[in-house]
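In: Need a 3D model of the following:
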Amino acid sequence: MAASVSLHDVHLDLPIFDISAQSLKKRVMRMGRRNSIAEDNAGVIVVRAIDGLDLELRSGDRLGLIGHNGAGKSTLLRVMAGIYPPTAGEVRVSGRSVPLLDIALGMDDLSTGRQNIRLRGLLLGMGSAEIKRKTEEIAEFTELGDYLDLPLRTYSNGMRLRLAFAISTAVDADILLLDEVLGVGDASFQEKANQRLRELHDRADIVVLAIHSDDTIRASCNKVLWMESGRARMLGPVDEVLEAYAQRMAAPA
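Out: Numbering: from 1, shown residues only. You can find the predicted model right below:
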């Protein structure tokens, strides 16, 4: 079955704790999002992060997400990944979805690198046989050598990222969800990582990419969604949407 992603009239309200209602309202109003906050029946402040979004993606689609920080791009990726269930509306995803959002999620400091390959692999939906088959390839890609037999707590941040990236990109994704470009090491390893990411991108049926790079979007995508205050401001061909967005950004406030 071909991969697909369908969102119909999706809303997402996120509760905000440990902040006063008045303080939050002032911050949001300064951002121009006057209708995005409210109090629920328990008096908890909620922010409408996604507001009535409709979207259909089919096999072969490469969607670029654009918009200023806080527009809802990363939140939308998390909705597609199933991390945030919608408050209202419907989300349907057909195919194996791999979110490269928090690539170190599910890794354990007390377990070895090899044990973490299994832990993270299971979290990403890989079966035991698939993990076993791919373990040596993942280990070789990391260039961590004997460190893979040591606990993760002995790793530097760079070593953790290498391992997490290698595991996450070993999955055969039908739907690939990417949030910005990952920095995973020195220049030589970064190029190796970029090549691996391109190969994963090419294998996926659907790719959704949130990134602040018009060049990358033009090279990678066939359509663009411009998000603003959790809403779809414009959806269409790459050059058309990027041009409209650039004109909007260049216009006087």
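
In: going forward, measure contacts between C-alpha atoms and count neighbours the same way
Out: Will do.

In: lowest average confidence, helix or strand, in the chain?
Out: helix 21-30 (a mean of 53; mean pLDDT, DSSP states H and E).

In: Dump the one helix or strand residue 48 maps to to PDB, keeping only the CA atoms.
Out: For residue 48, the host element (DSSP states H and E) is strand 45-58. Extracted in PDB, the C-alpha atoms of strand 45-58 (Å, rounded to 0.1, in the frame of the first residue of the first chain):
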ATOM      1  CA  ILE A  45      -4.000  28.200  30.100                       C
ATOM      2  CA  VAL A  46      -4.000  26.600  26.600                       C
ATOM      3  CA  VAL A  47      -2.400  27.800  23.400                       C
ATOM      4  CA  ARG A  48      -3.800  26.800  20.000                       C
ATOM      5  CA  ALA A  49      -0.700  25.500  18.300                       C
ATOM      6  CA  ILE A  50      -2.500  24.100  15.200                       C
ATOM      7  CA  ASP A  51      -5.700  25.800  14.000                       C
ATOM      8  CA  GLY A  52      -8.000  24.100  11.500                       C
ATOM      9  CA  LEU A  53      -5.400  22.500   9.300                       C
ATOM     10  CA  ASP A  54      -6.200  20.500   6.200                       C
ATOM     11  CA  LEU A  55      -3.500  18.600   4.300                       C
ATOM     12  CA  GLU A  56      -3.200  15.700   1.900                       C
ATOM     13  CA  LEU A  57       0.100  14.100   1.000                       C
ATOM     14  CA  ARG A  58       0.600  11.100  -1.400                       C
END
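
In: Given it, what are its sheet partners and their directions?
Out: Using DSSP bridges, the strands paired with strand 45-58 are strand 4-16 (antiparallel), strand 37-39 (antiparallel).

In: Which one, of those, ends up nearest to residue 102?
Out: strand 4-16 (18.7 Å; C-alpha to C-alpha).

In: Tell me the buried residues in that closest one?
Out: 4, 5, 6, 7, 10, 11, 12, 13, 14 (16 or more other C-alpha atoms under 10 Å).

In: closest to residue 100 out of the strands paired with strand 45-58?
Out: Closest approach to residue 100 among these (C-alpha to C-alpha): strand 4-16, 16.7 Å.

In: Show residues contacting that closest one.
Out: 44-59, 80, 84-95, 206 (C-alpha atoms under 8 Å, 6 or more residues apart in numbering).

In: Dump it to CSV, restricted to CA.
Out: Extracted in CSV, the C-alpha atoms of strand 4-16 (Å, rounded to 0.1, in the frame of the first residue of the first chain):
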residue,chain,number,x,y,z
SER,A,4,-0.2,8.7,2.6
VAL,A,5,-0.8,11.5,5.2
SER,A,6,-4.2,13.1,5.6
LEU,A,7,-5.1,15.9,8.0
HIS,A,8,-8.7,17.1,8.1
ASP,A,9,-9.7,20.2,10.2
VAL,A,10,-7.0,19.5,12.7
HIS,A,11,-6.7,21.6,15.9
LEU,A,12,-4.2,21.2,18.6
ASP,A,13,-4.4,22.9,22.0
LEU,A,14,-1.4,22.7,24.3
PRO,A,15,-1.7,23.4,28.0
ILE,A,16,0.9,25.8,29.5
